[in-house]
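**Student:** with the sequence up front, the predicted model follows.
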Amino acid sequence: MMRPSSALLVGVVKLLVGAYARWIGTSPGPAQRIYFANHTSHIDTLAIWSSLPRGLRRRTRPIAARDYWGTGIRKYIATRGFGAVLIDRARESADVDPLEPLRAALRQGDSLIIFPEGTRGATALPARFRSGLYRLATEFPTVELIPVYLDNLHRSLPKGALLPVPVVCTVRFGAPVVLANDESKEVFLERARAAVVALADPKAAA
Amino acid sequence: MIDHLRTIPVEFFWLFGALVVLLGVASGVAALLSRRPADERKAASRANLTARINAWWVMVGILAVAFLAGSTMTLILFGLASFFALREFITLTPSRPGDRLPLSLAFFLVLPLQFVLIGTARYGIFAIFIPVYAFLLLPSIAALRSDIDDFLSRTAKQQWGLMVAVYCLSHAPALLMLEIPGQAGRSALLLFYLLLVVQMSDVMQYVFGKLFGRTKIAPVVSPSKTVEGFVGGGLAATAIGSAMWWITPFTWVESAAISAVIVLMGFLGGLTLSAVKRSLGAKDWGVMIEGHGGMLDRTDSICFAAPVFFHIVRFFYT
């Protein structure tokens, strides 16, 4: 049974941007996963989460920045609506690792949705990935790393926009990226980014 | 509610019952067919058949809602259809940052307001709201943002989207607002008549085209449209339309002429929107946008037939 707030949220997201899932290199399943995607819009988190089959949503938790999602109505949506894990982007205290809440969620067996660029970009294709994904990959080798490409959302609600424009968005899920033995951080992050970029072209992905 | 139900014309129950039985049989046959082994081509045409039957179920559902729940609910249903059609159109239309505000306003202000205006039944306002006010103000907002690259082509495409997906489509539920002397409570039958003739025309043209189609009308724009399909299917749909004169204020001769106009406009709608679609670089509104149903593929003929049918009824019968 879905919470009414979640059902309403998913309904609004689907009405605005469709959020149709395309499982290209993998299929929806109960395996513990880290979904990592390009980031262009505030709707990204909700679009990926809404596109998942209902049964997977409960155990899949998006990562949201505390400075944006941590107060007022947005906090209510983030925590009650889609069970977000809030993290500090700003690193207010140097001695607390911002990845700690993610590790806690992974240890509980939850799946995560993360945006390795760390911030929203202005272009359709993602910028350089930050190292968090690599660190999680080394610490949790059994968790599947699924690349996700969000199509069109940069047109719906880009950085700085107040009102969304309804456009149909596709959420493409690719084949898992596996961290190779002795693979360097730079090589792995570039390979992970390339896996997301490869999903950008629907013809290549089909 | 009970009082409202008493005002429903008895024809509604006959039509509704007959259609449900017919569609039930059609769905049953389609389900049986889909169980038999088939090559790829046969499977595709069976899927097409199922899609068409499902479109009919939707139409019968709209008829039921239009009668049982009243005009407000029908306006909401068509408003949603417009929303999805416009979303589809805009998805395939390139836009620039300067278009964001006009586009948001098109979806969240112009579209709902058009259907509210239809609900007020004030023709003098709803007939000009989009072609005058929306078409003058939305490009002005884009111009104020001083983003002039491809300005004319961007705003023209947005206006096409609004015109087809919102303005034209909204004339179908506008039929419910017409007050025809001696026909009180029966205007929903006109909406049904329009949908029936348009859908019949699509189906019959498809069938006649498959059976006798030789000469393509516009091979580049729409390879499936043939002269034989259009003439045969169009005549069949006109015949069905004229045979339904008894649910309308028309005589059967008038009904034949009006059906012919609906058939012609529906045909032109399918053809023209196909050209629009191709110039946006897509073959199917739905297929281009993965996983999406293709609202404009389903409603293209209604978009062109609805305003003309509405005007004919309004000028000659009210």
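**Tutor:** Cool, the structure landed. These numbers come from a predicted model, not from an experiment. Residues are numbered from 1 along each chain as shown, chains lettered A, B, ... in the order given.

**Student:** OK, contacts around residue B:299?
**Tutor:** Applying C-beta atoms under 8 Å, 6 or more residues apart in numbering or on different chains, we find residue B:299 in contact with B:81, B:85, B:169. In this view, the C-beta of every residue, glycine as well, is placed from N, C-alpha and C.

**Student:** go ahead and confirm the first one touches residue B:170.
**Tutor:** No: at 9.7 Å, residue B:81 and residue B:170 do not qualify as touching, with contact defined as C-beta atoms under 8 Å.

**Student:** those two: who's more crowded?
**Tutor:** Residue environment comparison for residue B:81 versus residue B:170 gives the larger neighbour count to residue B:170, 26 against 22, counting by other C-beta atoms under 10 Å in any protein chain shown.

**Student:** measure that one to residue B:120 for me?
**Tutor:** In this view, residue B:170 and residue B:120 are 13 Å apart by C-beta to C-beta, to the nearest Å.

**Student:** what sits in contact with each of these two?
**Tutor:** Shared contacts of residue B:170 and residue B:120, defined by C-beta under 8 Å, 6+ apart, are found at residue B:126.

**Student:** got TSV for the contacts of residue B:299, with pLDDT and secondary structure too?
**Tutor:** TSV is the format used below for the contacts of residue B:299 (pLDDT from 0 to 100; DSSP: H, G, I helix; E, B strand; the rest coil):
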residue	pLDDT	secondary structure
B:81	91	helix
B:85	93	helix
B:169	96	helix
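
**Student:** just these now: which is nearest residue A:35?
**Tutor:** For residue A:35, the closest of these turns out to be residue B:85, at 31.2 Å, with distances computed as C-beta to C-beta.

**Student:** tell me where chain A has helices.
**Tutor:** A:4-17, A:44-51, A:54-57, A:66-69, A:72-76, A:100-107, A:132-139, A:153-156, A:185-198, A:202-205 (DSSP state H).

**Student:** C-alpha coordinates for the second one, PDB please?
**Tutor:** What it means is helix A:44-51. Taking Å, rounded to 0.1, in the frame of the first residue of the first chain, the C-alpha atoms of helix A:44-51 are listed here in PDB:
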ATOM      1  CA  ASP A  44      15.200  14.400 -11.900                       C
ATOM      2  CA  THR A  45      15.000  12.700  -8.500                       C
ATOM      3  CA  LEU A  46      11.200  12.400  -8.700                       C
ATOM      4  CA  ALA A  47      11.200  11.300 -12.300                       C
ATOM      5  CA  ILE A  48      13.500   8.300 -11.700                       C
ATOM      6  CA  TRP A  49      11.700   7.400  -8.500                       C
ATOM      7  CA  SER A  50       8.300   7.600 -10.200                       C
ATOM      8  CA  SER A  51       9.400   5.600 -13.200                       C
END
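
**Student:** which other residues reach that helix?
**Tutor:** If you take C-beta under 8 Å, 6+ apart as the criterion, helix A:44-51 is touched by A:9-10, A:13-14, A:17, A:19-21, A:35, A:37-38, A:57, A:60, A:62-64, A:82, A:84, A:113, A:115, A:120, A:148, A:150, A:153, A:169, A:171.

**Student:** how close does the residue lying closest to residue B:131 once chain neighbours are set aside sit to residue B:78?
**Tutor:** The spatially closest residue to residue B:131, leaving aside those adjacent along the chain, is residue B:167, at 6.9 Å (C-beta to C-beta, 6 or more residues apart in numbering or on different chains). As defined by C-beta to C-beta, residue B:167 lies at a distance of 12 Å from residue B:78.

**Student:** can you check residue B:202 too?
**Tutor:** Relative to residue B:78, and taking C-beta to C-beta, residue B:202 is found at 18 Å.

**Student:** so between the two, which is more surrounded?
**Tutor:** residue B:78 (26 against 22).

**Student:** that one: what's it in contact with?
**Tutor:** Residue B:78 makes contacts with B:115, B:169-170, B:172-173, as judged by C-beta under 8 Å, 6+ apart.

**Student:** what's the farthest-apart pair in the residues you listed?
**Tutor:** Within these (distances taken as C-beta to C-beta), the two that end up farthest apart are B:115 and B:172, at 11.1 Å.

**Student:** between the two, which has more neighbouring residues?
**Tutor:** It is residue B:172, of residue B:115 and residue B:172, that has more neighbours when counted by other C-beta under 10 Å, with 27 against 22.

**Student:** is it true that that one touches residue B:193?
**Tutor:** No: using C-beta under 8 Å as the test, residue B:172 is too far from residue B:193 to be in contact (11.1 Å).

**Student:** one step back: could I get the helices of chain A as a markdown table with mean neighbour count and distance to residue B:249?
**Tutor:** Listed next are the helices of chain A as a markdown table, based on neighbours: other C-beta atoms under 10 Å in any protein chain shown; distance: least, C-beta to C-beta, whole Å:
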| stretch | mean neighbour count | distance to residue B:249 |
| --- | --- | --- |
| helix A:4-17 | 17 | 38 |
| helix A:44-51 | 26 | 47 |
| helix A:54-57 | 14 | 49 |
| helix A:66-69 | 17 | 58 |
| helix A:72-76 | 12 | 52 |
| helix A:100-107 | 16 | 66 |
| helix A:132-139 | 18 | 68 |
| helix A:153-156 | 26 | 45 |
| helix A:185-198 | 17 | 60 |
| helix A:202-205 | 12 | 50 |
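
**Student:** minimum distance to residue B:151: which of those has it?
**Tutor:** helix A:153-156 (17.9 Å).

**Student:** packing partners of that closest one?
**Tutor:** Helices and strands touching helix A:153-156, as assessed by 3 or more C-beta pairs under 8 Å, 6 or more residues apart in numbering or on different chains; DSSP states H and E, comprise helix A:4-17.

**Student:** got the angle between the helix it packs on and helix A:44-51?
**Tutor:** Inter-element angle recorded for helix A:4-17 and helix A:44-51: 100 degrees (by axes from the mean of the first three to the mean of the last three C-alpha atoms, to 10 degrees).

**Student:** helix A:4-17 - what's its average pLDDT?
**Tutor:** Helix A:4-17 shows a mean pLDDT of 87.

**Student:** contacting residues around that helix?
**Tutor:** Applying C-beta under 8 Å, 6+ apart, the external contacts of helix A:4-17 come out as A:2, A:19, A:43, A:46-47, A:49-50, A:57, A:76-77, A:80-82, A:152-153, A:156, A:164, A:166-169, B:83.

**Student:** mind checking pLDDT for residue A:80?
**Tutor:** Predicted confidence (pLDDT) at residue A:80: the value is 82.

**Student:** next one: residue B:163
**Tutor:** In this model, residue B:163 is scored at 96, pLDDT.

**Student:** cool, residue A:96 as well?
**Tutor:** The predicted structure scores residue A:96 at 73 on the pLDDT scale.

**Student:** next, count neighbours for it.
**Tutor:** Summarising burial for residue A:96: neighbours were counted as other C-beta under 10 Å, giving 11.

**Student:** isn't it up against residue A:66?
**Tutor:** No: under the contact definition of C-beta under 8 Å, residue A:96 does not touch residue A:66, with a separation of 11.9 Å.

**Student:** which neighbours do those two have in common?
**Tutor:** residue A:88.

**Student:** how about residue 102, what does it touch?
**Tutor:** Reading this off chain A. When contacts are counted by C-beta under 8 Å, 6+ apart, residue A:102 touches A:63, A:85, A:87, A:112, A:114, A:132, A:136.

**Student:** not quite, I wanted chain B
**Tutor:** Neighbouring residues of residue B:102 by C-beta under 8 Å, 6+ apart: B:138-139, B:141-142, B:155, B:158.

**Student:** if you set the cut-off to 10 Å instead, what comes out?
**Tutor:** Taking C-beta atoms under 10 Å, 6 or more residues apart in numbering or on different chains as the contact definition, residue B:102 lies against A:165, B:95, B:110, B:134, B:137-145, B:154-155, B:158, B:162.
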